[in-house]
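Colleague: Structure for the following, please:
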Amino acid sequence: MRTYALLFCAAALLLPRVYAASAPTFNVSPTNLYMDAAVDGPAPASQVIVVNNTVADSTLKWLASVSGSGASYCTVRPGQGTLVGQSAVLVSISASVPAQGGSYSCTVTLSGSGSVPKATNSGSVNVNYAVYGKGTTPPPPNTMPPDVPEDLSVAATGLGTVSFNWHNGGDSFMQVAGYDVYRDGEKLAVTGLNSYQDSGLETASYHTYAVAAFDAYQNTSARTPPMAVTTFAPTPLAVPATYEALYQGLRSNIATDTALLNAQWTGVKYPVNYSATLTSVNDNGGLRANFTNLTAVNQELNGLQALGINAVMVSLGFPIFDQNFYEFIGQTASQAQQTVQNYENFYQLVAQDIHGRKDSDGKPMRIIVEANPLLTVDNPGVTLNATGYYQSLSFTTYEQRRSANTVTTAQYVQPDYLLVQSEPDTDAANCYRPELNTPATDVAMVQLIVTNLENANIPGLHSTIMLGSGMGAWQPSWEEYLGTPGTDTGLLGIVGLDGIDNHIYYLTGEQSSSGLNAELNVSLQIMSSAHAAGKFVSIAEFWPNKSLIVGESNIDIEARTTFSFWAHLDQEFMPMMFKLANNNSLEYLSAFNDDLFFAYEPYAALPCLPIYPGSGTENVVCDTSILNAASAAADLALGLGQFSSLGTSYQADITTYWLPH
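Modeller: As a prediction, this is how the structure comes out:
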């Protein structure tokens, strides 16, 4: 073990108190250096420190001084300099060899020299210097590079500004001294901090950034994988000031992800089934009062068919076909039995209507069914709330009844694609089944449902009724849910599962800067693994959610999504998803908010203005009012055969990317 002199001078990096915003502040890294030499040997290699001014609108003029028992041997280059704003400089510290062995130390102090206003602190570094006697060999110098920095996150923060940060990957020998920052593959700057801001860029310009760590010996790590970002562009006049930052952030991410997917786009088309959610039969709409009137269904199907889609996604899940549920909410046994029969008849009629329609190639329209539980959170005013029922069941009973409900769905609706699970984390919250937050438990439930479907001897299973399961691309521990191809683990290990589905809603992934580095990146990995396992891949729900806030209320997001000034962003987003679908050979791609293909809500005519950003449930009444108005506007447009600007562009997108099936 190496020994050093106990002549340490503690680093004088003081925490600033309250000073003017333009007062410069020192940051020095690392704060301790270690050197070795022999009296009859060469001088040790110089080492470096990084000196930062950490205040953006300030100028720091600094001067280095040396003190301590080894002061006469230590040299600092440069000995002075100027740092403007959050800039940094590499300072080299070297030492000559004393005539006698022993332990020496010096303290290099960097003080503000002529800075106006005066710097709020000084910076210092201890140099501990071990000198060995004649005939001895000092320890070899450190040649091991630091670890690669971790969790690089990049985001546009202004019209020509990009800000990013990262975590120290560590250095197994000594403290990291600083970081090299790269823009578009070229070295941009050096910093001793874990963050950087790049300014003066062109608006709406695309860039990639990477960071590498180095230590005092100037050993340098590999670079982080490049992170892409697009700077903000001026906001259209139609966007209210309240939503300007959100609009710019979302547009930045759409532009970034579009550029990245364009780079991957091969131009080769695939016979994707283009779909949208059939909202008029959504099981979350409440207890159905009329089971024979299909006017609204026909009207919506006419509109979707006119868009050019050849499939529709129907949300139809547990406990719609569960007699126990209706008895739980107060119906008699005979009433509950009749309610289930009514639902079975209704969805049979819906399926017949859908399958009786033809796409542009004369093929029957397809049905995608998500057999998920009813939503109970952020879904106010529904008359079919299963919260109490879910809570009353043991998990074993929950699994069995959910499975039985799914079997009934397959028997009566006979969908082309039946998704037995879509969002484990949503089910864990909405169904009060935290068990589903455990990957093994969720996968076991999916296996149970698949086994029960196969034991029911349903005609066409795995041929005309394809089984799928999946998760949202934001799902924590998604790798454990999915499993690894060829290892019989996760969903990929379920032999009777034909396909893997995923949902995409948050371009920012809620945890990172660019969607491709978050949800879209996860989606690409899910699809690649599913293909490798011989399963089809699909996206049953997608939409660019208008949110940059982690954990924001779903109903706030749903209401906000209807505002008319988002239309242009939605139009930019859709072709990106079409390229994603074709490039990755998706079985189907289904848009979620189909109402917006027919009408948006003009912001100036909203029945109320929600608080943004909200902090809880204060917007529920207003959100509900907006959603009701948006639904009414969509129904009116459907009745008149009208499309919104998004609907018109979506229709053109389908034509552009359509390949006969």
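Colleague: In contact with Val314, which residues are there?
Modeller: By Cβ atoms under 8 Å, 6 or more residues apart in numbering, the contact list for Val314 reads 277-278, 281-282, 347, 350, 367-370, 413, 415. C-betas here are computed from N, CA, C, even on glycine.
Colleague: mind running it again at 6 Å?
Modeller: Under the criterion of Cβ atoms under 6 Å, 6 or more residues apart in numbering, the contact partners of Val314 comprise 278, 281, 369.
Colleague: can you redo the residues you listed as TSV with distance to Arg77, secondary structure and neighbour count?
Modeller: Shown next, in TSV, are these (distance: Cβ to Cβ, whole Å; DSSP: H, G, I helix; E, B strand; the rest coil; neighbours: other Cβ atoms under 10 Å):
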residue	distance to Arg77	secondary structure	neighbour count
Leu278	72	coil	23
Val281	75	helix	24
Val369	72	strand	27
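Colleague: So what's the residue count around Ser195?
Modeller: The burial metric for Ser195, expressed as a neighbour count using other Cβ atoms under 10 Å, is 13.
Colleague: didn't it look like it was pressed against Asn165?
Modeller: Yes. The criterion here is Cβ atoms under 6 Å, and Ser195 meets it with Asn165 at 4.0 Å.
Colleague: Rebuild the contacts of Val314 as CSV, extending it with distance to Thr25.
Modeller: Compiled in CSV, the contacts of Val314 are given as follows (distance: Cβ to Cβ, whole Å):
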residue, distance to Thr25
Leu278, 59
Val281, 62
Val369, 60
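Colleague: Show me which of those residues has the smallest pLDDT value.
Modeller: Scanning the contacts of Val314 for pLDDT, the low point is Val281. It has 92.
Colleague: Tell me how far it lies from Asp184.
Modeller: Distance of Val281 to Asp184, computed by Cβ to Cβ, to the nearest Å: 49 Å.
Colleague: Can you spell out which residues form a bridge with Thr230?
Modeller: Each beta-bridge partner of Thr230 is listed here: Tyr206, as defined by DSSP bridges.
Colleague: How about Leu110?
Modeller: Applying DSSP bridges, one finds that Leu110 bridges with Ala64, Gly123.
Colleague: confidence score at it?
Modeller: Among the per-residue scores, Leu110 holds a pLDDT of 96.
Colleague: In contact with it, which residues?
Modeller: When contacts are taken as Cβ under 6 Å, 6+ apart, Leu110 is in contact with 62, 64, 123.
Colleague: Now with 8 Å, please.
Modeller: If you count contacts by Cβ under 8 Å, 6+ apart, Leu110 has them with 26, 28, 51, 62-64, 91, 122-124.
Colleague: what are the ranges of the strands in the stretch 201-350 of the chain?
Modeller: Per DSSP state E, counting those that start in this stretch, the stretch 201-350 of the chain has strands spanning 206-215, 227-230, 273-277, 311-315. These are given in chain order.
Colleague: Below-threshold pLDDT in this structure: ranges please.
Modeller: Residues of the chain that meet the criterion pLDDT under 70 lie in 1-21, 170-174, 376-383, 507-517.
Colleague: Who are the packing partners of the longest helix anywhere in it?
Modeller: Of all the segments assigned as helix in the chain under DSSP state H, the longest by residue count is helix 333-355. Applying 3 or more Cβ pairs under 8 Å, 6 or more residues apart in numbering; DSSP states H and E, one finds that helix 333-355 contacts helix 295-307, strand 311-315, helix 323-328, strand 366-370, helix 395-413.
Colleague: didn't Ala130 look like it was pressed against Leu33?
Modeller: No. In this structure, Ala130 is not within contact of Leu33 by Cβ atoms under 8 Å, at 11.8 Å.
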